[in-house]
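S.K.: Got a predicted structure plus its sequence, pasted below:
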Amino acid sequence: MSLGLRIEELRNSLHLSREQLAERIGIDARQIANYELYGAWPDPEKLIALIGGFGIEIHDLFDFTENRKCLRLSFEQRLVERRQRSGRGLRHKTERALE
């Protein structure tokens, strides 16, 4: 899940409009829209303000489990591509270790 979608999800769970959230954390509502709709990333100070405005911890804002899964899939894909390029018929020991 993208950061923008997560911000929108948290905002909706608190039944806040973009304007209400922006007022709560002291930024412009257009910035909230930029985060949610256009993938803009808040600077560190605004990120801290968002976390405080939602009353959450940083790990609640970011889905580290999903990020780990994406990294693992990326790593596994690189292994498969490397094996295909080398023409190895047997699975590499690193691939077996991932199972």
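M.R.: Done, it's in.
S.K.: for the chain, what helix or strand is lowest in average pLDDT?
M.R.: helix 93-98 (a mean of 54; mean pLDDT, DSSP states H and E).
S.K.: Contact partners for residue 41?
M.R.: 3, 35, 47 (CB atoms under 8 Å, 6 or more residues apart in numbering). Backbone N, C-alpha and C define where each C-beta goes, glycine included.
S.K.: now do residue 46
M.R.: 25, 27, 31.
S.K.: just so I have it, where are all the helices in this structure?
M.R.: With DSSP state H as the criterion, the chain has helices at 3-13, 18-25, 29-38, 44-54, 58-61, 64-86, 93-98.
S.K.: Show residues contacting the shortest one.
M.R.: Okay, so that is helix 58-61. By CB under 8 Å, 6+ apart, helix 58-61 touches 3, 6-7, 10, 47, 50-51, 54.
S.K.: try 10 Å this time
M.R.: For helix 58-61, contacts defined as CB atoms under 10 Å, 6 or more residues apart in numbering pick out 3, 6-7, 10, 47-48, 50-51, 54, 64-65.
S.K.: buried set for it?
M.R.: Across helix 58-61, burial judged by 16 or more other CB atoms under 10 Å covers no residue at all.
S.K.: how far out from the middle of the chain is it?
M.R.: In terms of CA atoms, centre = their mean, to the nearest Å, the centre of helix 58-61 is found 10 Å from the chain centre.
S.K.: what's near enough to touch residue 3?
M.R.: 35-36, 39-42, 47, 50, 61-63.
S.K.: Show me how the record splits the protein into domains.
M.R.: 3-61, 64-98 (automatic domain parsing).
S.K.: Residue 30: neighbour count?
M.R.: Other residues lying near residue 30 total 11 when counted by other CB atoms under 10 Å.
S.K.: wait, what's in contact with residue 49?
M.R.: With CB under 10 Å, 6+ apart, residue 49 has these contacts: 22, 24-27, 42-43.
S.K.: hmm, back to that, which one of the helices of the chain has the poorest average confidence?
M.R.: Taking each of these in turn, the lowest mean pLDDT turns up on helix 93-98, with a mean of 54.
S.K.: Thanks a lot, see you next time.
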